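**Q** Sequence first, then the predicted structure, then my questions.
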Amino acid sequence: MAIARCWPRHRQPWIKIMEASIKTFITIAGFLLSSLANAGEPEARLEKLLNGLESYSAAFEQTSENNAGETTETAIGVVYMQRPGRIHWAYWEPYIQLIVSDGVSVWNYEEDLEQVIIRDASDSIEDSPAAVLGGKVDIEEHYIVLELGEEEGIEWLELTPKDLEAQYESIRLGFVNEELAGMVLNDGLGNRTNIKFLDTQANPKLADELFKFTPPEGVDIIDNRAQQDAAAPAAE
């Protein structure tokens, strides 16, 4: 029987930031790996920017700010995604954390806690407006989309959730040469998470192993999937 470990108090806000970022990026992955139907002008622009993107890879730098504009956390890592709904998100600093999804399950591994939490992929984004990984996302139903224009060479579009209980007030997507280059998340408390993507590649050939995870020997495994027996961790 797995035993859950408690996060140190100073890490709790950082964990929440990471979880929010992951959930949001998985939602964005739905945008990136889908097409938009009946799109208006801003939606049509978003579709043009994202059209034909089957896979994506990048390094990233993440900065979190409080409502006073003070930097509270910084992080670096890499991200890979591929249709349908497959994600590999790795934090290297300040803590080593790996989030892997095969589109069915999500594994969240924290090296220093020696702990893996497994969830259904649908549960991991249940509070996100777009709930279908890698499927068609009805952006017009869930978001108000605005074109913000270009700033310092980056073209920005803003998505505002229509759901008043969404965990963030807005998502901004930034593009350089029609490639996703940045993301800004604003929550209801005035906090902001900035993610800058570097060394981006559109439609790279990605190994299947990136989207599989075998828990290291000896770590605590907390399996929160609805059908644990039928959803054993993918391994080879």
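**A** Sure thing, it's come through. Residues are numbered from 1 along each chain as shown.
**Q** switch to C-alpha atoms for all contacts and neighbour counts from now on
**A** Will do.
**Q** show me what contacts Gln82?
**A** Residues near Gln82 by C-alpha atoms under 8 Å, 6 or more residues apart in numbering: 33, 54-56, 206.
**Q** run the last query once more with 6 Å
**A** When contacts are counted by C-alpha atoms under 6 Å, 6 or more residues apart in numbering, Gln82 touches Ser55.
**Q** ends of stretch 62-76, how far apart?
**A** Stretch 62-76 has its terminal residues 6 Å apart, counting by C-alpha to C-alpha, to the nearest Å.
**Q** Could you give the separation of that stretch from the chain centroid?
**A** For stretch 62-76, the separation from the chain centroid amounts to 17 Å (computed by C-alpha atoms, centre = their mean, to the nearest Å).
**Q** Residues touching that stretch, excluding its own?
**A** For stretch 62-76, using C-alpha under 6 Å, 6+ apart, the contacting residues are 60-61, 91-94, 190-195.
**Q** host element of the nearest residue to Leu157 once chain neighbours are set aside?
**A** Excluding the flanking residues, the one nearest Leu157 by C-alpha to C-alpha, 6 or more residues apart in numbering is Glu147, at 4.6 Å. Element membership for Glu147, per DSSP states H and E: strand 143-151.
**Q** Can you list the strands that that strand pairs with?
**A** strand 154-161 (antiparallel) (DSSP bridges).
**Q** pLDDT of the strand it pairs with, averaged?
**A** The pLDDT scores in strand 154-161 average 90.
**Q** mind exporting the first helix or strand past it going along the chain as PDB, just the C-alpha atoms?
**A** Going down the chain from strand 154-161, the next helix or strand is strand 170-176, by DSSP H and E. Extracted in PDB, the C-alpha atoms of strand 170-176 (Å, rounded to 0.1, in the frame of the first residue of the first chain):
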ATOM      1  CA  SER A 170      -6.700  34.500 -19.100                       C
ATOM      2  CA  ILE A 171      -4.200  32.500 -21.200                       C
ATOM      3  CA  ARG A 172      -1.900  34.400 -23.600                       C
ATOM      4  CA  LEU A 173      -0.200  32.500 -26.500                       C
ATOM      5  CA  GLY A 174       2.800  34.100 -28.200                       C
ATOM      6  CA  PHE A 175       4.100  33.200 -31.600                       C
ATOM      7  CA  VAL A 176       7.300  34.000 -33.500                       C
END
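**Q** In terms of secondary structure, what does the following helix or strand past strand 170-176 contact?
**A** For strand 170-176, the following helix or strand on the C-terminal side (DSSP H and E) is strand 179-186. Judged by 3 or more C-alpha pairs under 6 Å, 6 or more residues apart in numbering; DSSP states H and E, strand 179-186 is in contact with strand 170-176, strand 192-202.
**Q** how big is the angle separating the shortest one from strand 192-202?
**A** Read that as strand 170-176. With axes from the mean of the first three to the mean of the last three C-alpha atoms, to 10 degrees as the basis, strand 170-176 and strand 192-202 are set at 40 degrees to each other.
**Q** strand partners of strand 170-176, parallel vs antiparallel please.
**A** strand 154-161 (antiparallel), strand 179-186 (antiparallel).
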